[in-house]
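[1] Build me a model from this:
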Amino acid sequence: MFSGVDPGPERANPAGMARRASALLALLALAVAPARAGSAPADEAVIRQMNDDYVRAYLACDVARFRTLLADDFTGVLADGRVIDRAEFLRQAAVPPDARGLRLRDVTIRVYGDTALVGALVAYRRADGTGVRTRYTSLYVRRDSRWAIVWVQWTRAAAPPN
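    Numbers count the residues shown, from 1 in each chain. As a prediction, the model looks like this:
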């Protein structure tokens, strides 16, 4: 403790300081909650639509739609660990995928203010009949009132237990 410094009544009364801190946190929560409560469902709907559009664009090789979905500073991490930028992603998006019967499962959307996370399990079959399971996580950021995907990471998923 520094000499000559008055600790004040809060230092002498930790319970009083805790009550003041709790009251301040409650006021902050009340001040922030209404602004986010009204926009969270609308934001989640926008993100859900963008995620659906992302999957449709993938299956249709719709590079034009990807241009509107991806941020200029987009980064992708492929299941094999390679890191690609937006230009490489768009180049790969133009190639028809070897994916039959693609299905999404366990789609999770979490909105945190101007940031949102989307995760899902993707299952499909290749033309040769091989089953593929992949999980992806996408990071969305709202900039200038517009959502864009800034990051996607794909991870190979284990086959379900028999």
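[2] Which residue comes closest to the residue positioned nearest the centre of the chain once chain neighbours are left out?
    The centre of the chain sits closest to residue 117, judged by C-alpha atoms, centre = their mean, with a distance of 1.5 Å. Nearest residue to residue 117 in three dimensions, chain neighbours excluded: residue 110, at 4.8 Å (C-beta to C-beta, 6 or more residues apart in numbering). Every residue, glycine included, has its C-beta placed from N, CA and C.
[3] so what pLDDT did the one you found get?
    Per-residue pLDDT puts residue 110 at 97.
[4] in which helix or strand would I find it?
    Using DSSP states H and E, residue 110 maps to strand 100-112.
[5] what's the one helix or strand the residue nearest to the centre of the chain maps to packed up against?
    Element membership of residue 117, judged by DSSP H and E, is strand 115-125. If you count contacts as 3 or more C-beta pairs under 8 Å, 6 or more residues apart in numbering; DSSP states H and E, strand 115-125 packs onto helix 14-60, strand 100-112, strand 131-143.
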